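J.: Sharing a sequence plus its predicted fold:
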Amino acid sequence: MLRRIRRILATCFFAAVTLLFLDFTGTVHAWLGWTAKIQFLPALLALNAGIIAMLVLLTLLFGRVYCSVICPLGVFQDAVSWISGRRKKKKYRFSYSPAKSLLRYTVLIVFAVAVIAGIGSFVALLAPYSAYGRIVQNLFAPLWGWGNNLLAYFAERADSYAFYETDVWLRSLPTFLIALLTFAVLIVLAWRNGRTYCNTVCPVGTILSFFSRYALFRPTIDARKCRNCSLCERRCKAACIDSKQHAIDYSRCVVCMDCLEVCKHDALHYEFRFRSHGKASAKSEPPRTETAGSTKADITRRRFLLGTGALVGTALVHAQEKKVDGGLAVIEKKSVPQRQTPIVPPGAVSIRHLARHCTACQLCVSVCPNGVLRPSADPLRLMQPESSYERGYCRPECTKCSEVCPAGAFHPVTTAEKSAIQVGHAVWIRENCVVLTDGVSCGNCARHCPTGAIQMVPSDPSDPQSPQIPAVDTSRCIGCGACENLCPARPFSAIYVEGHEVHSEI
């Protein structure tokens, strides 16, 4: 029964998080957005003390249920492992192996250093929720979009508007390749060895493993009833059950309940840790599973606490080408301008703030309705979102990215606040302007500027009848990109937006 309940809850959480990244309508987040905000690392970076306390308390009570129920990457690995186990003679394929403590704590310390140093790209590679988000956004979302477009095709022919077509495009080749590599590695590890990633690489699993040692409720082995058949050990995908010693390494147990199902002698139970089974119960956690060298275990524990303290302390201190021509130029793909400073959306406060808090989960990229956000290819901000205006512009009425971010990388902003936040300023390129190159009148940039920062003035100040060219008032420009996106010049717009390191208000 416990295993069934765990599976139902895990399926619900997994489906909810997956839908957040697949949804292109912007409606799912209103109902299920909380499932992203309760993920451990985003909550830590967002300084959400309530969520962190809840997850720690949950682990102290029931063990690492976060890893087997709430974390989408953990559930994904379980699904892969389950499929692998369906093969003939592969159902009982695991065996006990000692914890690789040195590797686990080394990865955690390196991870903490990356958080302290603000190396967001490295943090993003190891964050489990973000890794799964990138996999869905880059690998599954295109399939979802093509399926939707197929339904829209048939619905159109049935005079139905139940579905509508959506653009499916590659937002970033480096991010796609990283997502593909992560997907392949996870498939191989989960297919062969179950929860290897969670118990050797994942920093969240390592942090929670310390608390899970002291969980009040956990699986226990009754040595009086155990017949040493080793079925529980061979079914444990965390490789944490030593059936010969009647011991369970609770730092690695993810409370999947698989062992309870296979025990044929009623020797395994999920129960209160202080429940007495007589002298034999002492063997459920053998004479110091952190064996011969309790001193060594104490040193390892102290190192772990130092690494965790550094990570938490630091978090608390640091609280592609739309075809439009404007009716003037031949339809041609637009090229991305060379910006000296990247553009990050309103709510990010600054490039530095975004780099320190963003886990590159791609949720904001998934929900952006205007095709503005895409993952950065800059090595220092790899996979973190930035704005570019070849496919659309940042509309003043849209605040989706600030609404969905679970890590505090974007501060929530209202539409009124967004209209006053200056993320960049427009720059006019004389040699690209169709007014001067083609001898035609235009004014697209001035006509669509929402703040009136662009005015058309005579190209020759001494001749009021000379062709009108744009003049930019940078003090009024908010960097929304309407001018750049709607400029008819190809392949480079005659006006583009240069980003600001720190945002300001006009």
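T.: The structure has been received and is ready for your questions. Here the structure is a predicted model, which means the values were calculated and not measured. Residues are numbered from 1 along each chain as shown.
J.: CA only for contacts and neighbour counts going forward, please
T.: Noted.
J.: most centrally placed residue in this structure?
T.: Centroid-nearest residue in the chain, with Cα atoms, centre = their mean: Cys361, separated by 1.9 Å.
J.: That residue falls within a helix, correct?
T.: No. Judged by DSSP: H, G, I helix; E, B strand; the rest coil, Cys361 forms no part of a helix; its state is coil.
J.: ok, and the closest residue to it other than its chain neighbours, which helix or strand is that part of?
T.: Nearest residue to Cys361, sequence neighbours excluded (Cα to Cα, 6 or more residues apart in numbering): Ser130, at 3.8 Å. Using DSSP states H and E, Ser130 sits in helix 128-135.
J.: how far does that helix sit from the chain's center?
T.: The gap between where helix 128-135 is centred and where its chain is centred comes out at 5 Å by Cα atoms, centre = their mean, to the nearest Å.
J.: Repeat that for stretch 395-406.
T.: That offset, for stretch 395-406, works out to 16 Å (Cα atoms, centre = their mean).
J.: which residues are in contact with it?
T.: 26, 29, 33, 36-37, 42-43, 46, 345-347, 363-365, 367-368, 370, 410-415, 418-419, 450, 480, 482 (Cα atoms under 8 Å, 6 or more residues apart in numbering).
J.: Could you do stretch 181-201 as well?
T.: By Cα under 8 Å, 6+ apart, stretch 181-201 touches 74, 77-78, 80-81, 83-84, 94, 99-101, 103-104, 107, 126, 131, 135, 205-206, 237-238, 252.
J.: Check these for burial and list the buried ones.
T.: The neighbour-count criterion (16 or more other Cα atoms under 10 Å) marks 74, 77-78, 80-81, 84, 94, 99, 101, 104, 107, 126, 131, 135, 205-206, 237-238, 252 among the contacts of stretch 181-201 as buried.
J.: Let's see which of those residues end up in helices.
T.: Residues from those lying in helices, with DSSP state H as the criterion: 74, 77-78, 80-81, 84, 101, 104, 107, 126, 131, 135, 205-206.
J.: Need these in JSON lines (columns: distance to Asp222 and pLDDT).
T.: Shown next, in JSON lines, are those (distance: Cα to Cα, whole Å; pLDDT from 0 to 100):
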{"residue": "Gly74", "distance to Asp222": "28", "pLDDT": "96"}
{"residue": "Gln77", "distance to Asp222": "29", "pLDDT": "96"}
{"residue": "Asp78", "distance to Asp222": "26", "pLDDT": "95"}
{"residue": "Val80", "distance to Asp222": "31", "pLDDT": "95"}
{"residue": "Ser81", "distance to Asp222": "27", "pLDDT": "93"}
{"residue": "Ser84", "distance to Asp222": "30", "pLDDT": "91"}
{"residue": "Ser101", "distance to Asp222": "27", "pLDDT": "92"}
{"residue": "Arg104", "distance to Asp222": "30", "pLDDT": "94"}
{"residue": "Val107", "distance to Asp222": "35", "pLDDT": "93"}
{"residue": "Leu126", "distance to Asp222": "37", "pLDDT": "89"}
{"residue": "Ala131", "distance to Asp222": "39", "pLDDT": "95"}
{"residue": "Ile135", "distance to Asp222": "41", "pLDDT": "97"}
{"residue": "Gly205", "distance to Asp222": "27", "pLDDT": "95"}
{"residue": "Thr206", "distance to Asp222": "27", "pLDDT": "95"}
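J.: Paired strands for the helix or strand encompassing Pro219, with orientation please.
T.: For Pro219, the host element (DSSP H and E) is strand 217-221. Using DSSP bridges, strand 217-221 pairs in its sheet with strand 268-272 (antiparallel).
J.: Contacts for the strand it pairs with, please.
T.: 216-222, 259-260.
J.: and with 6 Å instead?
T.: 216-221, 260 (Cα atoms under 6 Å, 6 or more residues apart in numbering).
J.: and which of the residues you listed is nearest to Val168?
T.: Using Cα to Cα, Leu260 is the member of these that lies nearest Val168, at 44.9 Å.
J.: Can you report how many residues neighbour the residue lying closest to the closest one once chain neighbours are set aside?
T.: Once flanking residues are discounted, Leu260 sits nearest to Leu268: 5.6 Å by Cα to Cα, 6+ apart. Using other Cα atoms under 10 Å, Leu268 has 22 neighbouring residues.
J.: Could you report the distance from Leu268 to Ser209?
T.: For Leu268, the distance to Ser209 (Cα to Cα, to the nearest Å) stands at 21 Å.
J.: Tell me where this structure has strands.
T.: Ranges of strands within the chain are 217-221, 241-242, 247-248, 268-272, 373-375, 385-387, 421-428, 454-458, 468-472, 495-505, based on DSSP state E.
J.: from these, which stretch is densest packed?
T.: strand 241-242 (a mean of 26; mean count of other Cα atoms under 10 Å).
J.: and that strand, average pLDDT?
T.: Per-residue pLDDT over strand 241-242 has a mean of 94.
J.: likewise stretch 492-506?
T.: 95.
J.: Other residues contacting that stretch?
T.: Counting by Cα under 6 Å, 6+ apart, 334-335, 339, 341-343, 349-351, 420-429, 432-433, 479, 484, 487 sit against stretch 492-506.
J.: What residues sit buried inside the helix holding Ser130?
T.: 128-135.
J.: ditto for stretch 347-367
T.: 347-351, 353-367.
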